[in-house]
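next comes the sequence, and after it the predicted model I'd like to discuss.
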Amino acid sequence: MTVDQSNLSWSKPASDRLEWLRTRYPADHQRALILPVLHMAQREFGWVSPAVIDFVAKSIPVPTIQVEEVATFYTMYNKVPVGRWHLQVCHNISCSLMGAEIVIEHIEGKLGIKRGQTTADGEFTLVGAECLGSCGTAPMMQVNDHYHENLSLADVDRLLKELRDTPDLPDDEANVAHGPGSGPSRMLPRDGEAFTAGAGVVMPGHAAGGH
Ligand code: FES
C-alpha cells in the first residue's frame, strides 16, 4: 500500500476509533494508547515509518521517543514497507521440525523472491519469523493479521492463489467480516479458515501424517 508519508491524516473510521480508544484508558495514562494506535497506523499507512511514529505521537499525544521505543521493540510493527500480503513464516524450532524451511523454499520458488524480499508487483513480502506462539499447529505462517496453521504445500499453493485474487476491502467491511484488527487491504475471504486444516508438510523420507 502506497501512502503519501509527508501528509498523514487519519481516515474517518480510524479517527473515530482513536476517540473511542481514548475512553478505554485513564486520562492520565494516555501512553497506554501507543500499542493500539500503532496497530491502527500500520493498517492505515502500510508501515511504521519515522513520519508515522511522529504522527502517532502527536495524535495521542505523547513524546515521539516513547512511540519510537515501542515501535522498534516489537517485530509486529513493520519498519520498512511491505507488500499487500506480508507472509511471515515461523522458522523457530517446532515449525522447523515440521518443515518450515521446506515451506519457505517452496514460497520462494512460487514467488521468485528470497526471504526478506518483496515481489516486483508489490503483492507479497516474504520473511522468516521467530516463534509466533502457535507451536502446536506447526508449520504455520502469519499473513498480515491472520494465522494459517498445519500448513501443507498444497495449502500454501491455494493460499497464495486466494490472496492474489482477494481484492482490497474497506476497513468497515473488513472488520465486520473478520473482526477488529483486520484492517483495509489485509483480508482473507470468509472461507480463509479452510487453510487451517492442512495435514502438515511431508518431510523428506517420511510418510504424510507420520509425525
Ligand atoms: S515454533 Fe513456530 S509457532 Fe512456535
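Received, thanks.

if I pick residue 110, what's in contact with it?
156-157, 160 (CB atoms under 8 Å, 6 or more residues apart in numbering). Yep, even glycine has a C-beta here, placed from its N, CA and C like the rest.

and what of residue 106?
153, 156.

please apply the same query to residue 32.
Residue 32 neighbours (CB under 8 Å, 6+ apart): residue 25.

try it again with 10 Å
21, 24-26, 60, 62 (CB atoms under 10 Å, 6 or more residues apart in numbering).

pull the most distant pair out of these.
24 and 62 (15.8 Å; CB to CB).

the more surrounded of these two?
Set residue 24 next to residue 62 and count neighbours by other CB atoms under 10 Å: residue 62 wins out with 18 against 9.

my guess is the more buried one contacts residue 35, does it?
No: using CB atoms under 10 Å, residue 62 is not in contact with residue 35, being 11.8 Å away.

between the two, which contacts overlap?
Common neighbours of residue 62 and residue 35, using CB under 10 Å, 6+ apart, are residue 70.

show me which residues of the protein sit near the ligand.
Proximity of the chain to the ligand, by CB under 6 Å from any ligand atom, involves residues 90, 92-95, 131-135, 138, 140.

could you list the domains of the protein?
For the chain, the structural domains run 12-73, 85-197, going by automatic domain parsing.

phi, psi of the most centrally placed residue in the chain?
Compute the mean C-alpha point of the chain, and by CA atoms, centre = their mean the closest residue is residue 144, 2.3 Å away. Backbone torsions of residue 144, given as degrees, to the nearest 10, read phi 50, psi -110.

I'd say it and residue 43 touch.
Yes: at 9.0 Å, residue 144 counts as touching residue 43 under the criterion of CB under 10 Å.

show me what the helix or strand where residue 162 lies is packed against.
Under the criterion of DSSP states H and E, residue 162 resides in helix 153-165. Applying 3 or more CB pairs under 10 Å, 6 or more residues apart in numbering; DSSP states H and E, we find helix 153-165 packed against strand 85-90, helix 100-111, strand 124-129, strand 141-143, strand 146-148.
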